[in-house]
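Colleague: Sequence first, then the predicted structure, then my questions.
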Amino acid sequence: MTMPKFVIDPHEGVGPFRFGMSRSAIEPIMGKPSRTIDRRSEEGELVDHFHDQGVQVLYEPDGERVAAIQFTKSGVGNVLYPPDVRMDRTYDEIVQWVREQDPSAQRADEDFFRSDALGIAGGSRSDKEEEPGLDHLLVYRPRYYDR
């Protein structure tokens, strides 16, 4: 088994990404985004998509500072929560681990979980028998959901 490329540093960042780092610092790490979606006019976010890596970078409302990193289904296998929790486990295993680590998790049910204590949220909309893992994993800064 290969070592995950992105190790979560709770409330600080993940892998080479630090919360609050500038958008201009992302390109040297990831290359040019395959797609950018700007939903700020709808009170949404500016998001750079890096499809080949299974990574999405979500920015603060100013569009210039990293607020969160989302890993899509193809990127989740590259993520590790220290010291040794790989995010490519089944959805049920991840939810059980979240509940053990954070009994006050905002939500941890059959299709979505969120733990502000751990700084992660994720979900699975897939048929869990066919595809038992996460569809997405969001690693976010403190108070991300307070905006």
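Modeller: Okay, I see it.

Colleague: okay, CA-based contacts and neighbour counts for the rest of this
Modeller: OK.

Colleague: Determine the set of other helices and strands touching the helix ranked longest in the chain.
Modeller: Counting residues, the longest helix found in the chain (DSSP state H) is helix 91-101. Judged by 3 or more Cα pairs under 8 Å, 6 or more residues apart in numbering; DSSP states H and E, the packing partners of helix 91-101 are strand 107-108.

Colleague: Downstream of the strand it packs on, the next helix or strand is which one?
Modeller: strand 112-115 (DSSP states H and E).

Colleague: Give me the sheet partners of that following strand and which way each runs.
Modeller: Strand partners for strand 112-115, identified by DSSP bridges, are recorded as strand 107-108 (antiparallel), strand 120-123 (antiparallel).

Colleague: worst average pLDDT in those strands?
Modeller: Here the lowest mean pLDDT among these goes to strand 107-108, at a mean of 64.

Colleague: so is residue 48 in a helix, a strand, or just coil?
Modeller: Under DSSP: H, G, I helix; E, B strand; the rest coil, residue 48 falls in the strand class.

Colleague: Which strand or helix spans the closest residue to it other than its chain neighbours?
Modeller: Setting aside the residues directly before and after it, residue 48 is nearest to residue 36 in space (Cα to Cα, 6 or more residues apart in numbering), at 4.5 Å. Element membership for residue 36 (DSSP H and E) is strand 35-38.
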